[in-house]
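Student: Provided below are the primary sequence and the corresponding predicted coordinates.
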Amino acid sequence: MKEVLELSLQIALSVAFPALVIRWDIARLAALRLARAWNDASFWSAVVAFGPLSLIVHFARTRRSLVGLLLGLGWAAAGIFLSGLISSGLEQLF
């Protein structure tokens, strides 16, 4: 039962975290960068299929610079770290 809960939470977090970060970033983008962002269908396809890796592509695609790539790598690392932290917390709990 513990494994099912842990796996379900990791799957949900791997979709929810990138979705929230990308939506937050899209709300703050200037018009030129917003034009480079994904439409809704592509957004959800990327987030569900690739999880935290979609953050790297989103930031690199909208910024088109090394800074964008580094931002994406940082957010992806934060998402993976958060998922691991929650997973280890659940392990300690059970």
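Tutor: Perfect, I can see it now. A quick note: this is a predicted structure, and the numbers were derived from the prediction, not measured.
Student: only C-alpha atoms from now on, for both contacts and neighbour counts.
Tutor: Will do.
Student: spatially speaking, which residue is in the middle of the protein?
Tutor: residue 18 (2.1 Å; Cα atoms, centre = their mean).
Student: mind listing what the nearest residue to that residue once chain neighbours are set aside touches?
Tutor: Take residue 18 and drop its neighbours on the chain: the residue closest to it by Cα to Cα, 6 or more residues apart in numbering is residue 52, 5.7 Å away. Residue 52 makes contact with 14, 15, 17, 18, 75, 76, 77, 79, 80 under the criterion Cα atoms under 8 Å, 6 or more residues apart in numbering.
Student: tell me the two of these that are most distant?
Tutor: Within these, 15 and 77 form the most distant pair, 14.3 Å apart (Cα to Cα).
Student: okay, the two: which has more neighbours?
Tutor: Using other Cα atoms under 10 Å as the criterion, residue 15 and residue 77 rank with residue 15 on top: 20 against 16.
Student: ok, then the element right after the helix or strand that one falls within?
Tutor: Element membership of residue 15 [criterion: DSSP states H and E] is helix 2-28. Under the assignment DSSP H and E, the closest C-terminal helix or strand after helix 2-28 is helix 31-36.
Student: could you list the buried residues of the helix holding residue 15?
Tutor: 6, 10, 13, 14, 15, 16, 17, 18, 19, 22, 26 (16 or more other Cα atoms under 10 Å).
Student: sketch out the low-pLDDT regions of the chain for me.
Tutor: Along the chain, segments meeting pLDDT under 70 are nowhere present.
Student: for residue 6, give me its contacts.
Tutor: 87, 90.
Student: for residue 45, see how far away it is.
Tutor: 23 Å (Cα to Cα, to the nearest Å).
Student: for residue 22, same thing?
Tutor: Relative to residue 45, and taking Cα to Cα, residue 22 is found at 13 Å.
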